[in-house]
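**Q** Dropping a prediction and its sequence here:
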Amino acid sequence: MELNSTWKWIVVAILFILALIFPLFADEFMVSILMQAYLWAFLAMSWDVIGGYGGQFSLGHAAFIALGAYTSTILLESYGVSPWIGMWAAGLVAGAAGALVGFASLRLRGPFFALGTIAFAELVKLLLLYFKDITGGPLGILITKSGPEYMLFESQAHYYYLMFALMVAGVLFLKWFEASRFGIGLVAIREDEEAAEGVGINVYRTKVIGAAISAFLTGIGGTIYAQWIHFIRPDIIVKLEYSTQIAAIDVVGGAGTPYGGLIGALILVPLSLYLNAIFGGMIAGLSLILYGVVLLVVVVMVPGGIYGLVRRKWLSRKRGGK
Amino acid sequence: MLEVRDVVKRFGGLVALNRVSLTVKQNELLGLIGPNGSGKTTLFNVITGYYRPEEGRVLYRGEDITGLRPHLIVKKGIARTFQIPKPFGRLTVLENVMSAAMYGRKAASRSEAKEIAMDWLEYVRLKDKADVEAKALNIVERKLMELARALSTGPDLLLLDELVAGLNPSEMMEVVKLVRKLVDERGLTIIMVEHVMKAVMSISDRVFVLHRGAKLAEGSPQEVSRDPKVIEAYLGEPIQV
Amino acid sequence: MVEFSAYTQLLVSYAILGGVYGLTALGLSLIWGVMKAVNWAHGDFLMVGMYTAFWTVTLFGIDPYIAAIVAFILLGLLGMVTHVIAIEPVVEKPGGHEATLLTTLGISVILESLALILWSPSPRSFQNVYKSTYIEVFGIRTSVAEAIAFVVSIVAIVAVDQFLKRVRIGKAIRAVSQNPVGARVVGIDVPKIRLMTFGLGVALAGMAGVLVATFYPNIRPLAGYVWDIASYVVVIFAGLGTIYGVIFAGIIIGVTEGLGTIVFSNAFRQILVYVVFLAVLLLRPQGLFGKALRRV
Amino acid sequence: MLLELRKINAGYGDLQVLWDVDLTVDKGEIVSLLGSNGAGKTTTLRVVSGLLKPFSGSVMFNGKDITKLPSNKRVEMGLALVPEGRQLFPEMTVLDNLEMGAYTKRARNKFHDTLEWVFTLFPKLKERRTQLAGTMSGGEQQMLAIARGLMSRPEVLMMDEPSMGLAPKLVLEIFGTIKKLRDEGVTILLVEQNAKAALDVSDRAYILETGKIVLQGPAQELLGMDEVRKAYLGI
């Protein structure tokens, strides 16, 4: 057991160092791919709070990305507030929105939250288009500032480290979260609502707060995303595909675990980016098929996702070895 | 301590509880028995807030708790187990029990909760399974874990729904002793629904018999087990058609 | 006075649209009622129905309403295949209802991407005589295509209701939805009924797609999405699993959109719908016509 | 032998409820399966009707092994269950419930004849045929559940606690019906808690205790035995 955990730490340390020196020897395209994987991993982990740990699927998380991105970008472009500060405001706005949707749709068990979030995402998109004066309407907002104090960097490598830090923070947060009082309460609800009530958990309130935390993190992710693409517009940021991808990445990787989002993103994001790079102009949509097929196959054949599968295999081997 | 007054509960055309009244005194172990479908679990669900009765009231320490949501009833100091155990399958046994300490009557911190949970796990002799996922437990262990979980909420009144069903006779007697000790040594008040007569009769201070949603008899185990009405309810009456 | 009649005109066309929402929602409602599965790909099946209309009409020159029958059959089969792949393997497992959400999400993504690859993202439409012919009743003008779409939607909803109430298989579908255990006990092949229900639900979406295509100038791979959302709104509004409810809910949603246009602006009409939707979720999640959901 | 259970072991997940249960029902018999709560009576019927797959053992019906058949095929062969808790279709009328009872091909063609027969057995259902099943009283629902079971034209009718939760007068009526059914030649496998009443109408009986058959024999013999009492009261 001692040896086992030592080995585990050595492996983690090696991977960590490899990830850190990766931009030194890889080309820009590779760096960009891995960087995007980290970003999606973080978004999937944010989704995981309510989707995986809470067992309530959101299919409108793009709305929280958008709220976060718009909040910090408007603060930046109109008021000169640095995104290093603005991202917290972004999180709060998205979190409040998450609480609102949760409040409306988490009272009953069932698909209501999924329906509520998808409607909310549409609503956000329409509102962003509607309030042109603030949001720039369909033209969106271009980020014009520059400099690290505004979270704007010149090379992809810098963004790589930013996203890497974000991803690591996400994993650490989930590790802490799943052992916290609140995390345990939320999982208890997912496992059995009646029994959760029976130990004194306020089921409705806990789910709503879970949705708010998830949206809060996603909002921060939205800020980072906007800072990377330098440019936000309703039709590229509140895309239904984004909501779908976030959910798919987490479920494929293994929902309700700290590593599921990362595993899912490391598999799906590079695959879809490569497919896009290869077939790009010719066959748009091919990379999306990948998401669909993998999601379908994993849910039907590998409930628990890839992390769950690996873990089961590993556990059974360990047991077999004894 | 607990008073159920003229409670009526209907499901569609069926009357599950028909004007049931029942009182439980502090530090008493009440056995609640009755044939299938007599309304025992329904009564539990009414007391613990899972069902709202159509008529009647539930009073706890003089306070009206009728129709309060279950998690609030836990906070008043009433805990329960379920007829079919409901573990939080993908939490560990320890986390299952800790959740009750953290969310129960007093919101314990993580470290306090761990202590409380380990104490109760030791009490039900499940300590060495603490780090196992709850879904990996067998039926007996699930029942014991659920007992520990209910106890960790810090209740004064504990409702046990068929705790020993499915246990073999020696396990059964051990669990029954544990339950009795909760009353004698820890000062709890307990209502237990049980089918296994031997278990109920051997440890109850008083027995309450439900039949077709209404009270049939009430008294000491000896009185009740000799009551011809009770014997008839269990064995049934002869039919001359 | 002119304004008033213009408003009436507008409201009526939105009410007509609402009637079609009712039909698109019907299949969803049916599938939910019987197997407690949410079909996220519903709008995409509607989109496939729209393309079925486009291709059969432009390639073979057949009447769009014959295309509706073709789409009904074609989509019915596609629905059954989907059921076998994505619903039946998970529906009875623990957590299965949630799982159907994800599997149909996968199907949805696959259908949309395939449509993008096969038919390109550019919108299409086809000319037909019904779209360009107008009728006038009580001073209100509407295209024949829209009028037919409305009437067919209502007829289809009534027909499905009657099918469920009078035909043996229809009754078996209701039996499964009300009590799956009871249904097995009387000898109903429950998986087969589920398969048929899913097929029927998707077939209805396909038919709705054709009806929409006759007057809607925007046949594109992601078109289903707009209708999807409208259908979900209608289903929740009507109460999951109700049949007649969807007509009224559809019309109410349609008229709400119309009122939103009149009172605010065209851009605001859908905003209003979503706000109403979220309010319904909060205040009456069982919908207007659904029965109170029992806790526990 | 019309129905035969051979060494059935069954349960739910890791909880084994039945242990090596052997049981037979001959044509024209009423056989009771008795025992206290939780002894495994309902589980036995679930195994016979195909609602639950046994861990091991086999179920024979009319000489054929039906252990692996789905429940709808078993109803088609003439094996019907009136389940615990009635399991009616609450939002459907009495008549529709009965029509669903005759869902199988076996029963479909004889629907009108069977309906008439069932209405003579339960005249009240005829009066109430347009009422929704969910709005009826407990006793009426039980009548409907039995009637629905009969609509499938079963060779063996299994009944799970038909007297559960009913007032004494209704219990009397239900058992009267069971007797009538026997006189009409229906073979019945009856699960009951009301042991005396069940034994009164039965030819033979089995007594289950914690998942094992502990006693079996002619009903009248069992009636007088102390072990019967013990199986129930555990004292």
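**A** Arrived safely.

**Q** Could you list every helix and strand in contact with the lowest-mean-pLDDT helix or strand in chain B?
**A** When the helices and strands of chain B are scored by mean pLDDT, DSSP states H and E, helix B:228-235 comes last with a mean of 80. Under the contact definition 3 or more CB pairs under 8 Å, 6 or more residues apart in numbering or on different chains; DSSP states H and E, helix B:228-235 sits against strand B:206-211, strand B:214-219, helix D:226-233. The way it works is simple: take the backbone N, C-alpha and C, and place the C-beta from them, glycine included.

**Q** Could I get these in JSON lines, plus columns for mean pLDDT and distance to chain C?
**A** JSON lines is the format used below for these (pLDDT from 0 to 100; distance: least, CB to the nearest CB, whole Å):
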{"stretch": "strand B:206-211", "mean pLDDT": "93", "distance to chain C": "20"}
{"stretch": "strand B:214-219", "mean pLDDT": "92", "distance to chain C": "23"}
{"stretch": "helix D:226-233", "mean pLDDT": "69", "distance to chain C": "28"}
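
**Q** what's the most buried one of the ones you listed?
**A** strand B:206-211 (a mean of 23; mean count of other CB atoms under 10 Å in any protein chain shown).

**Q** That one near chain D anywhere?
**A** No: using CB under 8 Å from any CB of the partner chain, strand B:206-211 never reaches chain D; the gap is at least 9.8 Å.

**Q** Looking at stretch C:84-101 now, give me its mean pLDDT.
**A** Here stretch C:84-101 scores 89 as its mean pLDDT.

**Q** picking that back up, mind putting the helices and strands packed on helix B:228-235 in TSV, distance to A:Phe29 included?
**A** Below are these laid out as TSV (distance: least, CB to CB, whole Å):
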stretch	distance to A:Phe29
strand B:206-211	73
strand B:214-219	78
helix D:226-233	77
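
**Q** center of the chain - which residue?
**A** Looking at chain A here, since you left the chain open. Nearest to the geometric centre of chain A sits A:Leu43, at 1.2 Å (CA atoms, centre = their mean).

**Q** I was thinking of chain D, sorry if that wasn't clear
**A** Taking CA atoms, centre = their mean, chain D has its central residue at D:Met159, 1.7 Å away.

**Q** ok so that one is a strand residue?
**A** Yes: counting by DSSP: H, G, I helix; E, B strand; the rest coil, D:Met159 falls inside a strand.

**Q** quick one: low-confidence ranges for the stretch 1-150 of chain C?
**A** The stretch 1-150 of chain C contains residues with pLDDT under 70 at C:1-4.

**Q** quick one: the residue of the stretch 1-150 of chain C found nearest chain D from D:Glu91, how far?
**A** Residue nearest to chain D within the stretch 1-150 of chain C (CB to the nearest CB): C:Gly33, separated by 10.7 Å. Going from C:Gly33 to D:Glu91 by CB to CB, to the nearest Å gives 11 Å.

**Q** quick one: which of the two has more around it?
**A** More crowded of C:Gly33 and D:Glu91, by other CB atoms under 10 Å in any protein chain shown: C:Gly33, with 24 against 16.

**Q** Residue of the stretch 1-150 of chain A nearest chain D, please.
**A** A:Gly110 (19.2 Å).

**Q** Sweet, I'm off.
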